[in-house]
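Enquirer: Give me a model of this one.
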Amino acid sequence: MSCGLARVVVVMALVSFAGGALAKKKPLPDACPGGRFPVTGPLVPGGTTQDAVLINGTQVSIDSGCPVATAHVKRTRRGTRLIARWASCGTLAGPVRVVLKLDAATCESLTGKFKAHKVHHTLTSQVATPPDAFGRVTDPLPPGAVVLTQDEWNQAQQRPDFRSIDPAQIAADRAVEDQNAAADAEAVMAYVTGHPDLAPQLLGGVDPDDPAVAPGDDGEYLDTFTDGAGAPRTVSTLGTRGRWNFLAKNLIKFPTIGNQLQLYTEYYDGLASIDPALAGQYPSPAQASGFGLADVVGYNVSLAAAYLQFVPLVTPPGGFPPAGYPSSCGNEEGAGEGRDRTDSCGHRAGGVWNNKVWGLKWNTTCVKDQGFRGTCWGFSTTASTELFVAKKYHRWINLSEQQLVFQTKHLWYPSFFGDNGGPPFEKIVDTGYTFPFENAWAYNQSRSRTTDNVAMAYHTSCGGYNGAQSAFCSDTNHQGEVICFDFGLFRFCAAIGPDIPTTSGFAPTTWTWFWDPGNQNNSFATLVWALAIFQKPVVAAFGVTPSFDTPDANGYLTYRGPHCAVNGAGVCTPSPGCECDRGGHIVLATGLIDNSQLPAGAPAGDGGGYVILKNSWGTCYGDGGYVYVPYTWFKQMVGAAAVISDIN
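Expert: Residues are numbered from 1 along each chain as shown. This next block holds a predicted model:
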């Protein structure tokens with residue numbers, strides 16, 4: 001072998017040996033990010049006994065008295081080594097030094113030494129999970145969550161709608177929900193104990209053998225029926241929590257002096273709208289404010305009973321839409337993309353809508369569709385506000401149900417799972433809430449949503465939601481955007497809504513409760529006052545009966561009897577001549593029509609006529625989204641009702 005060739009062979013062998021050695025050498029692990037490590041203390045005399053070493057990258061501090069210092073950091077195969085020094089710490093005047101090591105495998109175990117003049121501590125600790133952490137950075141992100149940078153997270157924390165999502169917070173929110181539900185149940189059961197004959201109507205109950213009903217989320221129900229287009233339709237109805245929430249508020253608020261005075265004001269103003277001389281025959285609201293509760297109630301009961309004396313004096317409504325009435329639903333102010341509607345069906349030839357005019361007809365906005373979510377309480381609240389704005393300001397608007405649901409479920413009554421609830425009247429009034437337009441945050445019908453009641457979780461809530469605000473959607477009941485930030489070993493999450501710089505400016509200022517379950521005739525008389533004389537919308541709650549699911553081809557419901565007997569635990573026993581329900585529901589009552597005024601060929605309504613209800617199940621339900629329920633049905637099924645009294 002030549003000398004030159006030998007050199008080449010030797011060099012290649014050396015290179016091969018060096019390459020193999022480098023390939024086998026493992027890279028050093030990343031430096032541990034740190035965290036909070038509780039230690040037996042105080043390390044600094046006189047400091048907190050609940051001491052801890054805090055490590056954030058290269059920054060080290062000690063709760064009992066050592067401020068943030070930059071440590072020397074060294075990575076080794078056994079872990080991350082940090083050395084931090086202070087000229088003094090709290091009561092320790094001399095040099096202070098801490099040497100720390102975090103294990104390489106998990107970065108969660110700390111060992112070390114703390115030294116100062118005549119002070120020497122050996123440290124051993126495990127990282128503490130922050131109370132507001134969603135989990136570890138190695139855990140899966142919440143579905144659809146967005147991970148933010150430090151600066152983005154800091155900015156998000158300044159938002160008024162920022163609210164942390166973590167297991168402890170979710171559990172605390174659920175505990176408050178349970179307390180509120182227990183208080184609602186106590187109020188309802190106390191009333192039913194004194195009025196046992198009203199138990200079926202107020203408590204409600206589902207026939208467990210009804211094939212149309214299935215369990216929904218958080219005690220709600222899934223109600224399946226065939227709509228007016230002949231297609232199967234499934235809606236989410238309220239469970240016991242939701243229906244008793246509205247009922248309890250009604251039972252508690254209705255008899256109070258404040259509510260009774262407001263109801264008297266409605267009667268007085270209603271008379272004045274007919275003829276000021278009529279109102280002049282009664283004490284003014286200011287004078288009535290000095291009366292006792294019994295006297296005010298006496299006036300209200302007597303005025304309600306006299307409705308037949310005053311209804312004929314009301315000026316009949318015009319037969320044509322007023323100036324400014326929108327030519328289509330898309331032309332309502334703020335309508336946006338129309339994701340809160342399904343406009344595939346129209347009004348029926350023999351229905352009331354195409355043939356008659358009632359006082360609030362032209363003030364009522366387009367029928368909406370709550371989709372697969374149990375948000376009827378939000379739709380009835382926004383619908384009543386829209387109607388009142390049209391009546392008072394001659395503006396036909398479309399308000400955002402989605403933002404109201406977010407506000408209610410994320411901030412006012414925080415929760416993560418379950419649509420159950422009632423209209424948040426008090427919060428709207430107390431906070432001065434102004435409704436945004438629909439185009440500020442389009443509603444998501446969540447028709448592909450599935451529910452896991454064991455894990456208390458939703459899946460695929462945002463399928464098909466491609467609106468301008470589609471980034472603000474999540475598998476939660478409020479559907480705000482879920483944001484997360486990874487800090488050290490832990491992940492922190494929260495929810496926010498989209499930026500809404502301006503709103504419609506409309507804020508309801510008063511709702512008045514008027515339904516007295518113990519006096520159905522007087523309550524119905526007040527309903528007549530509200531719709532025919534006050535001419536204001538009414539939000540009403542009841543159990544969805546099979547007859548409500550199946551009005552005739554023109555939207556007329558057939559009365560099949562009162563509610564069947566219930567056991568108080570949501571179970572109903574069916575029998576001939578009565579109906580069980582399929583969960584609770586809340587809708588908007590907009591008018592009345594006596595049998596003598598019905599279109600030709602329409603069936604007579606039991607009790608003398610029909611209440612005109614605007615539903616939130618789309619236009620293929622009933623008569624283009626409206627249903628006409630007999631007076632008797634309304635009296636015997638409704639458990640709570642309130643009228644919107646004013647709006648700014």
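
Enquirer: Go ahead and flag the most central residue of the protein.
Expert: The centre of the chain sits closest to residue 409, judged by Cα atoms, centre = their mean, with a distance of 3.2 Å.

Enquirer: Give me the pLDDT value at that residue.
Expert: Per-residue confidence for residue 409 comes out at a pLDDT of 97.

Enquirer: Over to residue 6?
Expert: Looking at residue 6, the pLDDT reads 41.

Enquirer: Then residue 470?
Expert: On the pLDDT scale, residue 470 gets 78.

Enquirer: And the one 5 residues further on, by the same measure?
Expert: As predicted, residue 475 sits at a pLDDT of 94.

Enquirer: and it, which of the three is it?
Expert: coil (DSSP: H, G, I helix; E, B strand; the rest coil).

Enquirer: and it, what are its phi and psi?
Expert: Backbone dihedrals for residue 475, given as degrees, to the nearest 10, come out at phi -80, psi 60.

Enquirer: Look up the residues forming beta bridges with the spatially closest residue to it that is not a sequence neighbour.
Expert: Beyond its immediate neighbours in the sequence, the residue positioned closest to residue 475 (Cβ to Cβ, 6 or more residues apart in numbering) is residue 458, lying 4.2 Å away. Quick note: C-beta positions are derived from backbone N, CA and C, even for glycine. Residue 458 forms beta bridges with residue 451, as assigned by DSSP bridges.

Enquirer: what's the neighbour count on residue 458?
Expert: 24 (other Cβ atoms under 10 Å).

Enquirer: from what I can see it touches residue 449, true?
Expert: Yes. The pair formed by residue 458 and residue 449 meets the contact definition of Cβ atoms under 8 Å, at 5.6 Å.

Enquirer: which residues do those two both contact?
Expert: Taking Cβ atoms under 8 Å, 6 or more residues apart in numbering as the criterion, residue 458 and residue 449 both touch residue 475.

Enquirer: Give the next helix or strand downstream of the least confident helix or strand in the chain by mean pLDDT.
Expert: Ranking every helix and strand in the chain by mean pLDDT, DSSP states H and E puts helix 3-24 at the bottom, with a mean of 45. Past helix 3-24, further along toward the C-terminus, the next helix or strand under DSSP states H and E is strand 34-38.

Enquirer: Dihedrals phi and psi, residue 430?
Expert: Dihedral angles for residue 430 - degrees, to the nearest 10 - are phi -70, psi -30.

Enquirer: And for residue 103?
Expert: Here residue 103 shows phi and psi, under degrees, to the nearest 10, equal to phi -70, psi 150.

Enquirer: So what's the residue count around it?
Expert: A count of neighbours around residue 103, defined by other Cβ under 10 Å, yields 15.

Enquirer: That one contacts residue 77, correct?
Expert: No. Because the distance of 11.1 Å does not satisfy Cβ under 8 Å, residue 103 is recorded as not touching residue 77.

Enquirer: residue boundaries of the helices in the stretch 451-600 of the chain?
Expert: Assignment of helices within the stretch 451-600 of the chain using DSSP state H, counting those that start in this stretch yields the ranges 520-528, 546-549.

Enquirer: Distance from the chain centre to the lengthiest helix in the chain, please.
Expert: Longest helix in the chain by number of residues, with DSSP state H as the criterion: helix 167-194. Computed by Cα atoms, centre = their mean, to the nearest Å, the chain-centroid distance of helix 167-194 equals 16 Å.

Enquirer: ok, then the element right after it?
Expert: helix 199-203.

Enquirer: ok, and what's touching that following helix?
Expert: Contacts for helix 199-203 (Cβ under 8 Å, 6+ apart): 188, 191-192, 195, 247, 517, 543, 562-566, 568, 570, 572, 578, 636-637, 639.

Enquirer: List only buried entries from these.
Expert: Among these, those that count as buried by neighbour count (16 or more other Cβ atoms under 10 Å) are 188, 191-192, 247, 517, 543, 562-564, 566, 570, 572, 578, 636-637, 639.

Enquirer: what's the neighbour count on residue 321?
Expert: Residue 321 is flanked by 13 other residues according to other Cβ under 10 Å.

Enquirer: how about it, secondary structure?
Expert: Remark: residue 321 carries the secondary structure label coil [criterion: three-state DSSP].

Enquirer: My read is that it contacts residue 364, right?
Expert: No. In this structure residue 321 lies outside contact range of residue 364 using Cβ under 8 Å: 11.1 Å.

Enquirer: ok, now how distant is residue 433 from residue 406?
Expert: For residue 433, the distance to residue 406 (Cβ to Cβ, to the nearest Å) stands at 12 Å.

Enquirer: quick one: pLDDT of the closest residue to residue 36 other than its chain neighbours?
Expert: Spatial nearest neighbour of residue 36, excluding adjacent residues (Cβ to Cβ, 6+ apart): residue 128 at 4.7 Å. Residue 128 is assigned a pLDDT of 96 by the prediction.

Enquirer: list the contacts for residue 128?
Expert: Contacts for residue 128 were tallied using Cβ under 8 Å, 6+ apart; they are 35-38, 52.

Enquirer: Now the buried members of those residues.
Expert: In the contacts of residue 128, the ones that pass as buried (16+ other Cβ under 10 Å) are 35-37, 52.

Enquirer: residue contacts, residue 552?
Expert: Shown here is residue 552, whose contacts under the criterion Cβ under 8 Å, 6+ apart are 558, 603.

Enquirer: Over to it: give its phi and psi.
Expert: Dihedral angles (degrees, to the nearest 10) for residue 552: phi -70, psi -180.

Enquirer: For stretch 211-227, what is the distance to the chain centroid?
Expert: In terms of Cα atoms, centre = their mean, the centre of stretch 211-227 is found 19 Å from the chain centre.

Enquirer: same deal with stretch 144-152?
Expert: Between the mean C-alpha position of stretch 144-152 and that of its chain there is a distance of 24 Å (Cα atoms, centre = their mean).

Enquirer: and stretch 293-306, how far out from the chain's middle?
Expert: Here the centre of mass of C-alpha atoms in stretch 293-306, compared against the chain's by Cα atoms, centre = their mean, lies 36 Å away.

Enquirer: buried set for it?
Expert: Applying a neighbour-count criterion of 16+ other Cβ under 10 Å, one finds 296-297, 299-300, 303-304 buried in stretch 293-306.

Enquirer: Secondary structure element for residue 613, which one?
Expert: Using DSSP H and E, residue 613 sits within strand 609-614.

Enquirer: Does anything pack onto that strand? Which helices or strands?
Expert: For strand 609-614, the packing partners by 3 or more Cβ pairs under 8 Å, 6 or more residues apart in numbering; DSSP states H and E come out as strand 584-594, strand 626-630, helix 631-637.

Enquirer: go again using 10 Å as the cut-off
Expert: Strand 609-614 is packed against helix 376-393, helix 520-528, strand 538-543, strand 584-594, strand 626-630, helix 631-637, with contacts defined by 3 or more Cβ pairs under 10 Å, 6 or more residues apart in numbering; DSSP states H and E.

Enquirer: on contacts alone, who are the packing partners of the second one?
Expert: When you say that, I think you mean helix 520-528. helix 257-274, helix 293-305, helix 307-310, strand 538-543, strand 584-594, strand 609-614, helix 631-637, strand 638-647.

Enquirer: quick one, what contacts the closest residue in space to residue 343 that isn't next to it in sequence?
Expert: Take residue 343 and drop its neighbours on the chain: the residue closest to it by Cβ to Cβ, 6+ apart is residue 619, 5.6 Å away. Taking Cβ atoms under 10 Å, 6 or more residues apart in numbering, we find residue 619 in contact with 227-229, 329, 341-347, 366-369, 625-626.

Enquirer: same deal with residue 296?
Expert: Taking Cβ under 10 Å, 6+ apart as the contact definition, residue 296 lies against 257, 259-261, 263-264, 283, 288-290.
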